[in-house]
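> Sharing a sequence plus its predicted fold:
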Amino acid sequence: MNAQPAKILITDDDSLVRDAVAKILEMFGHQVVPTGSGEEALAVLDKDFDLIILDINMPGMDGFETITAINQRGLDIPVLFLTGAGSMEYAIKAINLGAYDFIQKPIEDIDLFNVKINRAIEKRMFVVKEKTYKQNLEAEVAAKTRELAEKNKLLRQYSHHLEVATVNTIITLQTALEEKDRYTAGHTNRVTHYSILIGRAMGLTPEEMAILDRACQLHDIGKLVIDVSCIQKPGPLTDEEWHLVRKHPEIGENIIKPLAFLEREGAIVRHHHERMDGKGYPDGIGGSELDLLTRIVTVADSYDAMTSQRSYRINLSREEAIAELRRCVGSQFDPEVVNVFAAILLENTGLNHTILRERQPQQSADFFAG
Ligand SMILES: [Fe+2]
């Protein structure tokens, strides 16, 4: 059996042996590159060789030094040593150094020689095939990974657009409702504007800012299902009407509950009428149970409620409302949030006056509701 023609490097300082071996190999159809020393062999060696035949005793680099240098190149080309008869010790050393096999010279049994050569070539073919397979597999895995990452990116973009579109739809509904009542028009925008300024001043992370923004936009969404005539009617609300109005935080949370990505916003919507002393609604929680984002929204919401005119009462001026916020620090509001917000309002930092409608200082008023 003959393996497919291979490219073989033969290195022997004895030109008689070298030429004889080369002739036999060429007779079997192989391409032979003869070299006379280890140095010469290393100079021509590249990955295209399928087999290396090395003499041991050579001037300059001997066979052992040469195979050591070959090993360092990591080419995985099998090395066969040519050994003189009886030098078993050398043969063992050669095998220990990573030689694939050894051939005794002079070559007397051509068939045995051919078997050894073919076996080494087949081993090389197997290694090359395995390497190519591994490289292809790695390339395929890398391509699939890239493809998957691309698809994931598209999916995330799609999901983000879907989230934005859903939230925008809800906000549009709420804005439409708000705009029907001249007293509540722009409330959501103003609460969002104030909260964003407070959040920024308090150094919230971009993620927290995004949640705060959405929670503000959605905080009164529960009013969608409350009879508008009750909110708009002149004069104070009856107990029954108050009961209904006070349901809007829970209703709001329930409206957005099916949207899992709005979980944190839902909690803020539910608790935007809670107080630090636990006397708010719907759950009567307070203190550390209210997170910073919720505390910011309650302050911004209350401030806007105080400074906005209602059908049944006059609104507070900016200064009056700040005084009211400060009076309710600890019982209703977080002190730090109030401080930060008061500084923003008094220093006019970042306020967008086109979306704000405020009255100049006048008499005080005894009310407020969100
Ligand atoms: Fe509210």
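Okay, I see it.
> For the stretch 101-250 of the chain, just list every one of the strands.
Listed in chain order, the strands of the stretch 101-250 of the chain (DSSP state E, counting those that start in this stretch) span residues 101-105.
> so what's the residue in it that the ion sits nearest to up against?
Here the residue of the stretch 101-250 of the chain nearest the ion is Asp220; by CB to the ion that distance is 4.5 Å. The C-beta positions use only the backbone N, C-alpha and C, and glycine is treated the same way. Asp220 makes contacts with Gln174, Glu178, His187, Thr188, His248, Gly252, Gly370, as judged by CB atoms under 8 Å, 6 or more residues apart in numbering.
> 7 Å - rerun?
Listed by CB atoms under 7 Å, 6 or more residues apart in numbering, the contact set of Asp220 reads Gln174, Thr188, His248, Gly252.
> so how far is Ala185 from the first one?
Spelled out, it's Gln174. 12 Å (CB to CB, to the nearest Å).
> Between those two, which is the more surrounded one?
Taking neighbours as other CB atoms under 10 Å, Gln174 and Ala185 compare with Gln174 leading, 22 against 15.
> Can you give me the pLDDT of that one?
pLDDT recorded at Gln174 is 81.
> What are the neighbouring residues in contact with it?
Applying CB under 7 Å, 6+ apart, we find Gln174 in contact with Thr188, Asp220, Ile221, Leu224.
> Between those, which sits nearest Leu51?
Closest to Leu51 out of the contacts of Gln174 is Ile221 (78.1 Å), distances taken as CB to CB.
> So the closest one is in contact with Glu253, correct?
No. Shown here, Ile221 and Glu253 do not form a contact pair, counting by CB atoms under 7 Å, at 8.9 Å.
> Common neighbours of those two, please.
Val269.
> Could the C-alpha coordinates of the helix or strand hosting Glu336 be exported in PDB?
When elements are assigned from DSSP states H and E, Glu336 belongs to helix 335-347. Output of helix 335-347 as PDB, limited to C-alpha atoms (Å, rounded to 0.1, in the frame of the first residue of the first chain):
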ATOM      1  CA  PRO A 335     -35.100  66.500  53.900                       C
ATOM      2  CA  GLU A 336     -32.300  66.100  51.400                       C
ATOM      3  CA  VAL A 337     -34.600  66.000  48.400                       C
ATOM      4  CA  VAL A 338     -36.400  69.100  49.600                       C
ATOM      5  CA  ASN A 339     -33.100  70.900  50.200                       C
ATOM      6  CA  VAL A 340     -31.800  70.000  46.700                       C
ATOM      7  CA  PHE A 341     -35.100  71.000  45.100                       C
ATOM      8  CA  ALA A 342     -35.300  74.300  47.100                       C
ATOM      9  CA  ALA A 343     -31.800  75.200  45.900                       C
ATOM     10  CA  ILE A 344     -32.800  74.500  42.300                       C
ATOM     11  CA  LEU A 345     -35.900  76.600  42.500                       C
ATOM     12  CA  LEU A 346     -34.300  79.500  44.400                       C
ATOM     13  CA  GLU A 347     -31.200  79.600  42.200                       C
END
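> Packing partners of it?
Helix 335-347 is packed against helix 187-201, helix 292-307, helix 318-327, with contacts defined by 3 or more CB pairs under 7 Å, 6 or more residues apart in numbering; DSSP states H and E.
> And the last one, what does it pack against?
Counting contacts by 3+ CB pairs under 7 Å, 6+ apart, helix 318-327 is packed against helix 292-307, helix 335-347.
> Of the helices and strands packed on helix 335-347, which stretch is the most buried?
helix 292-307 (a mean of 24; mean count of other CB atoms under 10 Å).
> So is it next to the ion?
No. Figure legend: helix 292-307 not in contact with the ion (CB under 5 Å from the ion); closest approach 5.9 Å.
> what's the angle between that helix and helix 187-201?
Using axes from the mean of the first three to the mean of the last three CA atoms, to 10 degrees, the direction of helix 292-307 lies 130 degrees away from that of helix 187-201.
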